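>>> What follows is a predicted structure for the sequence shown.
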Amino acid sequence: MDWGTATSPMYQAHDAGIPIHVWVDETRPRNQGALTSWELGSHGIPHTYITDNAGGHLMQHGLVDMVIVGTDRTTRRGDVCNKIGTYLKALAAKANNVPFYVALPSPTIDWTVDDGVAEIPIEERQEREVTHIQGLTDDGKIGVVARSQDDAIIEVTWCYYQEGMNQNEIAERLGISRATVVNYLSEARKRDYVRITLDTDIFRDHDLARRLVDRFGLQDAIVVPTSPAGADQSLDRVTRVVADWLPGLLEPGDRLGVAWGETVYRVAEAAPRVTVPDLTVVQLVGSRPAALGFAAETCSATLARRYGAHCVNLHVPLLLSNRALVEELKREPVIRMQLDAVADCNKTIFACGTCTADSHVVHTGLLDPADVDPCAERGAIGVICGRLIDHDGNGLNREIEDRMIAVTLDQMRGKDMGLLVGSGPDRARPMLAALRGGYATHIATCSETATEMLNLTENNA
């Protein structure tokens with residue numbers, strides 16, 4: 001086989017007894033380095049086959065004495081056009097004071113071209129060259145296979161969860177970094193390729209859960225350990241457990257009414273992708289701008305999508321400027337049908353918020369900051385679906401509520417299931433009010449909130 005132009009000096013140096021070691025770039029995507037390595041190995045020249053971006057690193061560490069590249073075309077002023085990685089090698093060599101040579105046969109000089117960057121077009125090759133890999137198959141034959149990122153994520157996930165390999169072992173097997181393994185495992189969780197759950201019976205059998213059931217005559221309760229990391233992490237624990245618990249509380253043909261706000265939104269986002277036959281998910285309150293996707297239509301649509309359910313959205317504003325407009329909209333056939341679905345729900349999932357200046361009901365404009373204290377003086381202690389309730393769960397019947405299109409407090413009572421979800425040091429009193437008002441048959445909270453609720457009842461607070 002004839003010597004290549006760039007490698008010719010290497011062969012001659014080796015044959016002359018000059019000790020050399022060649023770092024061979026793989027030159028993706030064509031992997032020409034593999035061919036060069038085979039040629040050098042056949043001639044007995046010591047060499048190492050490296051990734052195409054490793055050259056600069058070797059130069060930084062003083063492991064390269066000189067760089068030799070070829071050229072496919074050279075302009076009359078000396079611009080060299082070669083494989084796509086040549087420019088980066090030249091920059092790295094200059095930055096590290098490594099001599100850089102071009103093995104330049106005279107036939108490559110194009111005397112008609114002056115500016116290589118402007119006048120020499122760069123070939124754009126088929127995407128298959130980077131989406132497919134050529135190598136040896138399991139039976140020792142040369143083959144070409146596709147290796148998408150999706151395949152890699154699945155392979156990493158399988159190795160970790162099914163074969164019990166640790167991250168370092170997976171990285172070594174697949175030839176990737178440990179950081180990539182971590183990222184792939186995280187992506188698998190986001191895509192629901194894998195879902196880690198704890199048996200909800202663990203939390204149903206918690207002593208505090210049983211005490212809540214007995215004290216308030218509930219059908220069931222779940223209490224998760226309060227997180228030492230703070231209230232937000234505790235709420236995250238509660239909503240994740242509820243997301244696993246809720247499908248088991250639903251039956252074919254159920255009509256699940258879904259409230260709004262951060263707590264319900266978190267449950268919807270954490271919900272598993274399971275199909276509940278003939279389930280209808282209904283938006284309980286009209287639309288209203290809310291931060292971070294906590295809007296009512298987002299909560300209901302997300303949960304419906306996760307459960308493969310039919311979704312009934314309430315396509316009206318939650319709050320209107322006058323009562324006459326509310327009544328007019330309610331008479332619209334489509335709206336009437338949607339409101340009938342709201343009234344017809346046999347199960348609900350909701351939270352009972354606070355009535356403070358920093359609460360959801362204030363941020364969404366349903367409670368003016370100036371009205372917070374006056375409402376508190378009237379006994380406001382919690383809010384359900386935009387409607388304020390007092391210590392006993394009775395509504396305050398504010399004027400603004402006559403201009404709202406949403407489920408009523410009376411419609412929230414007497415359900416086959418009313419799942420109340422909440423957690424945090426400020427949620428015990430509102431949740432107690434919801435229980436006293438008869439809105440909940442099931443409850444999910446953290447141990448700290450459950451303890452506070454029980455203490456408050458013992459103190460008649």
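That came in fine, so what should we check first? Because the structure is predicted, anything quoted here is derived from the model rather than measured. Numbers count the residues shown, from 1 in each chain.

>>> Low-confidence stretches in the chain?
1-2, 28-31, 126-138, 141-148, 290-293, 461 (pLDDT under 70).

>>> same thing but 80
Along the chain, segments meeting pLDDT under 80 span 1-5, 26-34, 84, 123-149, 196-197, 289-294, 459-461.

>>> ok, the nearest residue to Arg76 once chain neighbours are set aside to Asn96 distance?
Counting by Cβ to Cβ, 6 or more residues apart in numbering, Trp111 is the residue found nearest to Arg76 once chain neighbours are left out, at 5.0 Å. All C-beta spots, glycine's among them, are computed from the backbone N, C-alpha and C. For Trp111, the distance to Asn96 equals 33 Å [Cβ to Cβ, to the nearest Å].

>>> same question, Val326
Counting by Cβ to Cβ, the separation of Val326 from Asn96 is 74 Å.

>>> so what secondary structure elements neighbour whichever helix or strand Ala152 is part of?
Ala152 belongs to helix 149-161 when assigned by DSSP states H and E. If contacts are counted by 3 or more Cβ pairs under 8 Å, 6 or more residues apart in numbering; DSSP states H and E, helix 149-161 sits against helix 167-174, helix 178-190.

>>> Okay, angle between that helix and helix 178-190 too, please.
90 degrees (axes from the mean of the first three to the mean of the last three Cα atoms, to 10 degrees).

>>> Name the surrounding residues that touch helix 149-161.
The set of residues external to helix 149-161 that reach it, using Cβ atoms under 8 Å, 6 or more residues apart in numbering, is 165-167, 169-170, 173-174, 176, 181, 184-185, 187-188, 191, 193-194.

>>> what's the angle from that helix to helix 167-174?
Going by the same axes, to 10 degrees, helix 149-161 makes 130 degrees with helix 167-174.

>>> Tell me the buried residues in helix 149-161?
Across helix 149-161, burial judged by 16 or more other Cβ atoms under 10 Å covers 152-157, 159-160.

>>> And stretch 44-64, by the same measure?
45, 47, 49-50, 52, 55-56, 58-59, 64.

>>> top helix in the protein by residue count?
helix 231-249 (DSSP state H).

>>> Who are the packing partners of whichever helix or strand comes after it?
For helix 231-249, the following helix or strand on the C-terminal side (DSSP H and E) is strand 255-258. Counting contacts by 3+ Cβ pairs under 8 Å, 6+ apart, strand 255-258 packs against strand 280-283, helix 296-307, strand 347-350.

>>> Next one: the most centrally placed residue in the chain relative to Ser300, how far apart?
With distances taken as Cα atoms, centre = their mean, the residue of the chain nearest its centroid is Lys190 (4.3 Å). The spacing between Lys190 and Ser300, counted by Cβ to Cβ, is 22 Å.

>>> Three-state assignment for Val24, please.
Judged by DSSP: H, G, I helix; E, B strand; the rest coil, the three-state class of Val24 is strand.

>>> give me the number of residues near it?
Val24 has 21 neighbouring residues, counting by other Cβ atoms under 10 Å.

>>> Likewise for Ile122?
Using other Cβ under 10 Å, Ile122 is surrounded by 8 other residues.

>>> Show me which of Val326 and Asn96 is the more surrounded one.
Ranked by neighbour count (other Cβ under 10 Å), Val326 and Asn96 place Val326 first, with 18 against 15.

>>> Outside of the one helix or strand that one maps to itself, which residues are in contact with it?
Using DSSP H and E, the element containing Val326 is helix 323-330. For helix 323-330, contacts defined as Cβ under 8 Å, 6+ apart pick out 316, 320, 335-336, 339, 402-405.

>>> now stretch 110-124
73-77, 79-81, 84.

>>> again, 7 Å this time
Here stretch 110-124 makes contact (Cβ atoms under 7 Å, 6 or more residues apart in numbering) with 73-77, 79, 81.

>>> Now flag whichever of those residues is closest to Asp214.
Asp214 has its nearest neighbour among the contacts of stretch 110-124 in Cys81, at 82.6 Å by Cβ to Cβ.

>>> so what does the helix or strand containing Thr74 touch, helix or strand wise?
Remark: Thr74 resides in strand 73-75, with elements defined by DSSP H and E. Secondary-structure packing of strand 73-75 (3 or more Cβ pairs under 7 Å, 6 or more residues apart in numbering; DSSP states H and E): strand 109-110.

>>> ok, then the element right after the strand it packs on?
helix 116-119.

>>> Put together a markdown table for the helices and strands packed on helix 149-161, with distance to Ala309 on each row.
Shown next, in a markdown table, are the helices and strands packed on helix 149-161 (distance: least, Cβ to Cβ, whole Å):
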| stretch | distance to Ala309 |
| --- | --- |
| helix 167-174 | 37 |
| helix 178-190 | 22 |
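
>>> Please name whichever of those is nearest to Ala370.
Of all the helices and strands packed on helix 149-161, helix 178-190 sits nearest to Ala370, with 42.3 Å by Cβ to Cβ.

>>> in the helix or strand following that closest one, what counts as buried?
Once helix 178-190 ends, the next helix or strand along the chain (criterion: DSSP H and E) is helix 201-204. Using 16+ other Cβ under 10 Å as the test for burial, helix 201-204 gives 203-204.

>>> CA atoms only for helix 201-204, dumped as CSV, please.
Provided in CSV are the C-alpha atoms of helix 201-204 (Å, rounded to 0.1, in the frame of the first residue of the first chain):
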residue,chain,number,x,y,z
ASP,A,201,-50.4,1.9,52.7
ILE,A,202,-47.3,2.8,54.6
PHE,A,203,-48.7,6.4,55.0
ARG,A,204,-52.3,5.3,55.4
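
>>> just checking, next helix/strand downstream of that helix?
Heading C-terminal from helix 201-204 (DSSP H and E), you reach helix 207-216.

>>> Show me which residues of that next one are buried.
Buried residues in helix 207-216 (16+ other Cβ under 10 Å): 208-209, 211-213, 216.

>>> who does that helix touch, helix- and strand-wise?
Helix 207-216 sits against strand 220-224, helix 447-458, with contacts defined as 3+ Cβ pairs under 7 Å, 6+ apart.

>>> Touching, Trp245 and Ile222? I think so.
Yes - checked against Cβ atoms under 7 Å, the pair Trp245 and Ile222 is within contact range at 6.0 Å.

>>> ok, those two, which is more surrounded?
It is Ile222, of Trp245 and Ile222, that has more neighbours when counted by other Cβ under 10 Å, with 27 against 21.

>>> re the thing from before, between the contacts of helix 149-161, which sits nearest Gly4?
Checking the contacts of helix 149-161 against Gly4 with Cβ to Cβ, the nearest one is Ile176 at 31.7 Å.

>>> give me the element the closest one is part of.
Applying DSSP H and E, one finds Ile176 in no helix or strand.

>>> so what's the nearest residue to Ser8 once chain neighbours are set aside up against?
Spatially, and ignoring its direct neighbours in sequence, Ser8 is nearest to Ala103 (6.9 Å; Cβ to Cβ, 6+ apart). Contacts of Ala103 were listed using Cβ under 7 Å, 6+ apart, and they are 5-6, 8-9, 68, 70.

>>> Would you format the residues you listed as a markdown table with neighbour count and distance to Leu284 included?
Converted to a markdown table, those look like this (neighbours: other Cβ atoms under 10 Å; distance: Cβ to Cβ, whole Å):
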| residue | neighbour count | distance to Leu284 |
| --- | --- | --- |
| Thr5 | 16 | 76 |
| Ala6 | 18 | 72 |
| Ser8 | 15 | 79 |
| Pro9 | 16 | 79 |
| Ile68 | 17 | 73 |
| Gly70 | 18 | 71 |
